[in-house]
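Visitor: no sequence on hand, only this structure:
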């Protein structure tokens, strides 16, 4: 927060000096800059109450200054709008509630005579529990209005967003920002709203496009950018049937992820001498990471995050031809026989032995010995290693990874070496007393989730990262997982094939019941997915939420919101295919998963549910285990459930 607020101070001060404002106006702008600077200083020192008061005072100063101002002064101060909104959101993470900032409308003409400014009285700032969803700033027009405008959202704007943002934010939710529906677009990511009706300059959606930050790997044409600006300037109105209708269903343009045809991976015959998961995947991860694996942009249109992407190839076509290593572009690039030698970026070329190993794998048919072509090769490689590792080696690697993760977080240094119990390794920035309490409650919670999961076969200890502040917990997710968390989260789980951990917030003021409640859901989810990594996230998350709803509903406030929001999430889902293919926003998918598993675990289907859990480790895939237990595919099960529910 301090960094972007100081940038704001410099920006406002420089602009005021260069914009030809009157001395009075410059004084007003500098007062705003000083107020913002005070907020930054208070935040940096940990005085969040004072920071909140300064932010509120800055808002008041802006409103007073712009009350009778013209467009020139408005344009000088406008860059402060989205940053103040972000400051408000960051203070909420610290438990300080500041009133929402109402973004003013840009004046059309300069006023004839300014009125004298009124005294500024800061609004009261109180420390209150955060709401589930922060209020949207007031706008000049209702974005959910059905009035017909010159620019149609459904016919003109939606196709632009689906075309350029579909891969990351329509069919997915990268950065925890979903555009799956107009309502979610209007809501914006956890950092704040990105569209302000009538305010083009203050709309972060336009700012990120104009700076080239978005879309990654592409560019919005000038005429389309102008269309987006004109739509926002005209009120950012919606002319569709419902703001919850999926954006992709409004237009004929499909997200870019659907453009390439499906690929079929060859299965092992048993005569192969080279394993993709054990031998080839580690080589690719070491040498292709950053450009083709885990890359922000697709270099040459080639992604290699999973086996299916490797077979699809890139802009130059397929890179692997089974049985023909000499003709495969991958081998030719590695040898430097065609175009620029790979890997690029100053990395050393692969050794002859490594290239020979890849060539032999291709000559043997380029088969896949992992669980699925869509599984990330990072997880595939990790699972191959874990399969042959002992429990002791697995625990040792998780301890080392925990230290690496904490180094990424500025305030994440552990208060001690951590606490080791039978099933857990607990560490983090909380005090030793809190860590000890969490370790004891985790063991109790592990026993309590047993009616909902099968724990036999779970290998190694689960790491629990404990943060004493919500801010540190949020920073952990940003630095370690490269994502922002919903503002109401207090704990979550993650499993990558080797590392299995829970991250949570815990303070000395938390009651035992509340702390245990934060552990129940992620523990149940991990118990499911760690027995069979092919288990989809939706099922593991659904099991965790159901366990929490049955065991600790009074001590976990989120349960009430799950039950409240479930009907809406289920109603806006098209069918089971949309859910199983993860074409829903993550928050909606998690709610639907909660509803689906709630039915599966009911008394009438409990025997089938138990059969599924029991047979998962020995089944070739989750889908086959599900079909064996319920005599129906997961997709058809969810579709039928939607049909019978009447929603």
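Guide: Arrived safely. The structure displayed is predicted, hence computed values, not measured ones.
Visitor: name the helix or strand for residue 568, please.
Guide: helix 558-571 (DSSP states H and E).
Visitor: run the chain-centre distance for that helix.
Guide: Centroid separation for helix 558-571 versus its chain: 20 Å, with Cα atoms, centre = their mean, to the nearest Å.
Visitor: list the buried residues in the next helix or strand after it.
Guide: Downstream of helix 558-571, the first helix or strand assigned by DSSP H and E is helix 576-580. Neighbour-count burial for helix 576-580 flags 576, 578, 579, 580 (criterion: 16 or more other Cβ atoms under 10 Å). Every C-beta, even on glycine, is put in place using the N, C-alpha and C of the backbone.
Visitor: re the thing from before, and the contacts of the helix holding residue 568?
Guide: Helix 558-571 is contacted from outside by 132, 244, 488, 545, 548-549, 552-553, 588, 591-592, 594-595, 642, 645, 647, using Cβ atoms under 8 Å, 6 or more residues apart in numbering.
Visitor: export the buried residues of helix 576-580 as CSV, with columns for distance to residue 27 and pLDDT.
Guide: Output for the buried residues of helix 576-580, formatted as CSV (distance: Cβ to Cβ, whole Å; pLDDT from 0 to 100):
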residue, distance to residue 27, pLDDT
576, 63, 92
578, 56, 90
579, 57, 91
580, 61, 90
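Visitor: Throw these into CSV and include distance to residue 502, thanks.
Guide: Formatted as CSV, the buried residues of helix 576-580 follow (distance: Cβ to Cβ, whole Å):
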residue, distance to residue 502
576, 30
578, 29
579, 25
580, 26
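Visitor: and which of these is nearest to residue 162?
Guide: Distance to residue 162 across the buried residues of helix 576-580 (Cβ to Cβ) is lowest for residue 578, with 15.2 Å.
Visitor: so how far is residue 59 from that closest one?
Guide: 41 Å (Cβ to Cβ, to the nearest Å).
Visitor: try residue 559
Guide: As for residue 559, its distance to residue 59 is 35 Å (criterion: Cβ to Cβ).
Visitor: those two: who's more crowded?
Guide: Legend: neighbour count by other Cβ atoms under 10 Å for residue 559 and residue 59, higher for residue 59 (26 against 19).
Visitor: please give the element, helix or strand, for that one.
Guide: Going by DSSP H and E, residue 59 is in helix 48-65.
Visitor: report the mean per-residue pLDDT for that helix.
Guide: Mean pLDDT, computed over helix 48-65, is 84.
Visitor: buried stuff in it?
Guide: So, applying 16+ other Cβ under 10 Å, buried residues of helix 48-65: 48, 50-62, 64-65.
Visitor: which single one of those residues is nearest to residue 399?
Guide: Nearest to residue 399 among the buried residues of helix 48-65, with distances taken as Cβ to Cβ, is residue 48, at 33.8 Å.
Visitor: show me the contacts for that closest one.
Guide: Contacts of residue 48 by Cβ under 8 Å, 6+ apart are 42, 91, 94, 95, 96.
Visitor: circling back: next one: the helix holding residue 59 to chain centre, how far?
Guide: 30 Å.
Visitor: does residue 214 touch residue 208 like I think?
Guide: Yes: counting by Cβ atoms under 8 Å, residue 214 does reach residue 208; the two are 4.2 Å apart.
Visitor: neighbour count winner among the two?
Guide: residue 214 (20 against 13).
Visitor: how much space between the more buried one and residue 475?
Guide: 23 Å.
Visitor: same check on residue 357?
Guide: 40 Å.
Visitor: give me the pLDDT value at the spatially most central residue of the chain.
Guide: Per Cα atoms, centre = their mean, the C-alpha nearest to the average position across the chain is that of residue 176, at 3.4 Å. Looking at residue 176, its pLDDT reads 72.
Visitor: repeat for the one 5 residues further on
Guide: In this model, residue 181 is scored at 82, pLDDT.
Visitor: ok, the one 10 residues further on next?
Guide: We have a pLDDT of 67 for residue 191.
Visitor: what is the least confident helix or strand in this protein?
Guide: Lowest by mean pLDDT, DSSP states H and E among the helices and strands of the chain is strand 126-127, with a mean of 42.
Visitor: after that strand, next one along is what?
Guide: Criterion used, DSSP H and E; the element after strand 126-127 is helix 158-165.
Visitor: if I look at the nearest residue to residue 418 once chain neighbours are set aside, how far off is residue 599?
Guide: The shortest distance from residue 418 to any residue other than its chain neighbours is 3.4 Å, reached at residue 427 (Cβ to Cβ, 6 or more residues apart in numbering). As defined by Cβ to Cβ, residue 427 lies at a distance of 38 Å from residue 599.
Visitor: also residue 91?
Guide: In terms of Cβ to Cβ, residue 91 sits 40 Å off from residue 599.
Visitor: kindly report the same for residue 187.
Guide: Using Cβ to Cβ, one gets 28 Å for the distance from residue 187 to residue 599.
Visitor: nothing else from me, thank you.
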